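Asks: The following block contains a protein sequence and its predicted model.
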Amino acid sequence: MASNWHYICKHERQTYSDIQQGRAVTNEKHVDRVLDLRGWSCPWCILKAKSWLKHMSAGQVLEVISTDPQIQKNFPHILEKSKDRVIGVDKEKECYHVLVERG
(Lines give C-alpha, C1' and ligand atoms only; values in the text may rest on other atoms or scores of the structure.)
Protein backbone atom coordinates (compact mmCIF):
# COMPACT_ATOMS: atom_id res chain seq x y z
CA MET A 1 0.00 0.00 0.00
CA ALA A 2 1.01 3.58 -0.48
CA SER A 3 2.92 5.26 2.32
CA ASN A 4 0.30 8.03 2.43
CA TRP A 5 -2.53 5.52 2.82
CA HIS A 6 -3.79 6.81 6.16
CA TYR A 7 -3.78 10.41 4.95
CA ILE A 8 -5.76 9.43 1.86
CA CYS A 9 -8.32 7.47 3.87
CA LYS A 10 -9.13 10.38 6.16
CA HIS A 11 -11.10 11.96 3.32
CA GLU A 12 -14.82 11.23 3.32
CA ARG A 13 -16.56 8.82 0.92
CA GLN A 14 -13.55 6.99 -0.36
CA THR A 15 -13.48 3.28 -0.95
CA TYR A 16 -10.66 0.93 -0.21
CA SER A 17 -9.69 -0.97 -3.37
CA ASP A 18 -8.44 2.28 -4.90
CA ILE A 19 -6.03 2.77 -2.01
CA GLN A 20 -3.42 0.68 -3.77
CA GLN A 21 -3.57 3.16 -6.64
CA GLY A 22 -3.49 6.26 -4.42
CA ARG A 23 -7.25 6.54 -4.04
CA ALA A 24 -9.34 4.90 -1.33
CA VAL A 25 -11.62 1.83 -2.06
CA THR A 26 -11.86 -1.69 -0.44
CA ASN A 27 -13.87 -4.39 -2.11
CA GLU A 28 -16.07 -1.69 -3.60
CA LYS A 29 -17.37 -0.81 -0.11
CA HIS A 30 -17.16 2.89 0.67
CA VAL A 31 -15.24 3.85 3.80
CA ASP A 32 -16.73 6.97 5.38
CA ARG A 33 -14.34 7.37 8.31
CA VAL A 34 -11.03 5.85 9.36
CA LEU A 35 -10.06 5.41 13.01
CA ASP A 36 -6.36 4.67 13.49
CA LEU A 37 -5.90 2.90 16.84
CA ARG A 38 -2.48 1.38 16.28
CA GLY A 39 -0.83 0.88 19.66
CA TRP A 40 -4.14 0.83 21.56
CA SER A 41 -5.33 -2.40 23.13
CA CYS A 42 -8.76 -3.88 23.72
CA PRO A 43 -11.08 -2.90 25.29
CA TRP A 44 -10.01 0.72 24.69
CA CYS A 45 -9.93 0.42 20.91
CA ILE A 46 -13.43 -1.08 20.85
CA LEU A 47 -14.80 1.61 23.19
CA LYS A 48 -13.31 4.34 20.98
CA ALA A 49 -14.74 2.75 17.84
CA LYS A 50 -18.19 2.44 19.41
CA SER A 51 -18.01 6.11 20.35
CA TRP A 52 -17.27 7.05 16.74
CA LEU A 53 -20.07 4.80 15.45
CA LYS A 54 -22.60 6.69 17.59
CA HIS A 55 -21.90 9.81 15.53
CA MET A 56 -22.34 8.08 12.17
CA SER A 57 -25.48 7.49 10.13
CA ALA A 58 -26.96 4.09 9.30
CA GLY A 59 -25.19 2.49 6.36
CA GLN A 60 -21.94 4.42 6.82
CA VAL A 61 -18.73 2.41 7.15
CA LEU A 62 -16.02 2.93 9.73
CA GLU A 63 -12.60 1.41 9.16
CA VAL A 64 -10.74 0.67 12.38
CA ILE A 65 -6.99 0.11 12.12
CA SER A 66 -5.53 -1.73 15.10
CA THR A 67 -2.39 -3.62 16.06
CA ASP A 68 -4.24 -5.63 18.73
CA PRO A 69 -5.10 -9.11 17.38
CA GLN A 70 -7.97 -9.39 19.89
CA ILE A 71 -10.01 -6.86 17.93
CA GLN A 72 -10.82 -9.42 15.23
CA LYS A 73 -12.31 -11.76 17.85
CA ASN A 74 -13.83 -9.32 20.33
CA PHE A 75 -15.36 -6.67 18.09
CA PRO A 76 -17.91 -8.92 16.33
CA HIS A 77 -19.07 -10.29 19.70
CA ILE A 78 -19.44 -6.81 21.19
CA LEU A 79 -21.53 -5.68 18.22
CA GLU A 80 -23.94 -8.64 18.39
CA LYS A 81 -26.17 -6.63 20.74
CA SER A 82 -26.33 -3.65 18.41
CA LYS A 83 -27.41 -3.07 14.83
CA ASP A 84 -23.80 -2.35 13.82
CA ARG A 85 -21.92 -5.19 12.18
CA VAL A 86 -18.43 -6.14 11.09
CA ILE A 87 -18.40 -6.51 7.31
CA GLY A 88 -14.73 -7.27 6.85
CA VAL A 89 -11.44 -7.96 8.61
CA ASP A 90 -8.09 -7.86 6.83
CA LYS A 91 -4.66 -8.41 8.32
CA GLU A 92 -1.82 -6.49 6.74
CA LYS A 93 1.64 -6.90 8.24
CA GLU A 94 1.08 -6.11 11.91
CA CYS A 95 -2.19 -4.21 11.47
CA TYR A 96 -5.81 -5.33 11.38
CA HIS A 97 -8.27 -3.39 9.25
CA VAL A 98 -11.82 -3.90 10.51
CA LEU A 99 -14.72 -2.54 8.47
CA VAL A 100 -17.83 -1.82 10.53
CA GLU A 101 -21.16 -0.82 9.02
CA ARG A 102 -23.37 1.39 11.14
CA GLY A 103 -26.79 -0.19 11.66
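Replies: On my side now, so go ahead. Numbering: from 1, shown residues only.

Asks: just how off-centre is stretch 49-58 within its chain?
Replies: 12 Å (Cα atoms, centre = their mean, to the nearest Å).

Asks: Pairing partners for the residue most central in space within the chain in the sheet, please.
Replies: Nearest to the geometric centre of the chain sits Glu63, at 1.6 Å (Cα atoms, centre = their mean). Taking DSSP bridges as the rule, Glu63 bridges to Val34, Leu99.

Asks: That one contacts Leu99, doesn't it?
Replies: Yes. The criterion here is Cβ atoms under 8 Å, and Glu63 meets it with Leu99 at 5.5 Å. The way it works is simple: take the backbone N, C-alpha and C, and place the C-beta from them, glycine included.

Asks: residue ranges for the helices of this structure, please.
Replies: Using DSSP state H, the helices found in the chain span residues 5-9, 44-54, 71-79.

Asks: Show me what the last one is packed up against.
Replies: Looking back up the chat, that one is helix 71-79. Secondary-structure packing of helix 71-79 (3 or more Cβ pairs under 8 Å, 6 or more residues apart in numbering; DSSP states H and E): helix 44-54, strand 85-92, strand 95-101.

Asks: could these go into a markdown table alongside mean neighbour count?
Replies: A markdown table is the format used below for the helices and strands packed on helix 71-79 (neighbours: other Cβ atoms under 10 Å):
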| stretch | mean neighbour count |
| --- | --- |
| helix 44-54 | 16 |
| strand 85-92 | 14 |
| strand 95-101 | 21 |
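
Asks: With mean pLDDT added, can I get those in CSV?
Replies: Output for the helices and strands packed on helix 71-79, formatted as CSV (pLDDT from 0 to 100):
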stretch, mean pLDDT
helix 44-54, 92
strand 85-92, 92
strand 95-101, 94
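
Asks: Low-confidence regions, this structure specifically.
Replies: Within the chain, the segments meeting pLDDT under 70 span 1-29.

Asks: Could you export the helices of the chain as JSON lines, including distance to Lys93?
Replies: Formatted as JSON lines, the helices of the chain follow (distance: least, Cβ to Cβ, whole Å):
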{"stretch": "helix 5-9", "distance to Lys93": "12"}
{"stretch": "helix 44-54", "distance to Lys93": "17"}
{"stretch": "helix 71-79", "distance to Lys93": "15"}
